[in-house]
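Undergrad: please find the sequence and the predicted model below.
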Amino acid sequence: MKDDLAFNWKLLAAFSLLVWACWSPYLALAQEANKKEFVIDLKDDTLTKLVVMKVRHHDQVTWKISSNTSGELHMHAYHLEVQVKADQPTQFMFNAKASGRFQISWHPDQQRNQPAKKNHHDALAYLEVYPK
Ligand SMILES: [Cu+2]
């Protein structure tokens, strides 16, 4: 009985090593495809602090957006627009396919029908995409 138990432990150790040996190259590969996550927490159509997000070219970027007002998050040049509803946290993912510095602005729903303010593009945040 005791011998059987010892044998099983060896088998388990060998099996664990085999699993690790087979999977470790894939784990390393998964780490190379960088994932970057940023929190964008709006309050009354603004951020308390300008956010500068620094990523590498082709990183997988996730934005976790929340706001107490409804509006649209717009990233210039990327042609990226994210609709955000008041008090409904939104998750948005994209690939940093273009390198450079990109301005992100917020278009509150309340200003949508006010032509004078429609083109108002204050920077809320910046995405900086660096070469690999
Ligand atoms: Cu815009």
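TA: Yes, it's here.

Undergrad: wait, Pro108 sits on Leu73?
TA: No: checked against CB atoms under 8 Å, the pair Pro108 and Leu73 is beyond contact range at 10.7 Å. To be clear about C-beta, it is placed using only N, CA and C from the backbone, and glycine gets the same treatment.

Undergrad: so for the two, which sits in the more crowded spot?
TA: Leu73 (22 against 19; other CB atoms under 10 Å).

Undergrad: separation between that one and Ala13?
TA: 51 Å (CB to CB, to the nearest Å).

Undergrad: again, but for Val39
TA: 42 Å.

Undergrad: got a list of what Asn34 touches?
TA: Val55, Arg56, Asp59, Gln60 (CB atoms under 8 Å, 6 or more residues apart in numbering).

Undergrad: swap in 6 Å and give it another go.
TA: Arg56, Asp59 (CB atoms under 6 Å, 6 or more residues apart in numbering).

Undergrad: the residue of the chain found nearest the ion: how many residues sit nearby?
TA: Of all residues in the chain, His74 sits closest to the ion, at 3.4 Å by CB to the ion. The number of residues packed near His74 is 17, by other CB under 10 Å.

Undergrad: can you check Lys132 too?
TA: Residues near Lys132, counting by other CB under 10 Å, number 9.

Undergrad: what does Trp63 give?
TA: 23.

Undergrad: so what does it look like in phi/psi?
TA: Main-chain dihedrals, Trp63, degrees, to the nearest 10: phi -110, psi 130.

Undergrad: state the distance from it to Leu18.
TA: Trp63 is 39 Å from Leu18, by CB to CB.

Undergrad: how about the residues of the chain by the ion?
TA: Counting by CB under 5 Å from the ion, the positions of the chain adjacent to the ion are His74, Ser105.

Undergrad: so where's the chain uncertain?
TA: For the chain, applying pLDDT under 70 flags the ranges 1-6, 24-33, 115-120.

Undergrad: quick check: domain ranges of it?
TA: Listed by automatic domain parsing, the domain ranges of the chain are 1-32, 35-130.

Undergrad: deepest-packed of those domains, please.
TA: Burial of the domains of the chain is given as mean neighbour count (mean count of other CB atoms under 10 Å); domain 35-130 ranks first at a mean of 15.
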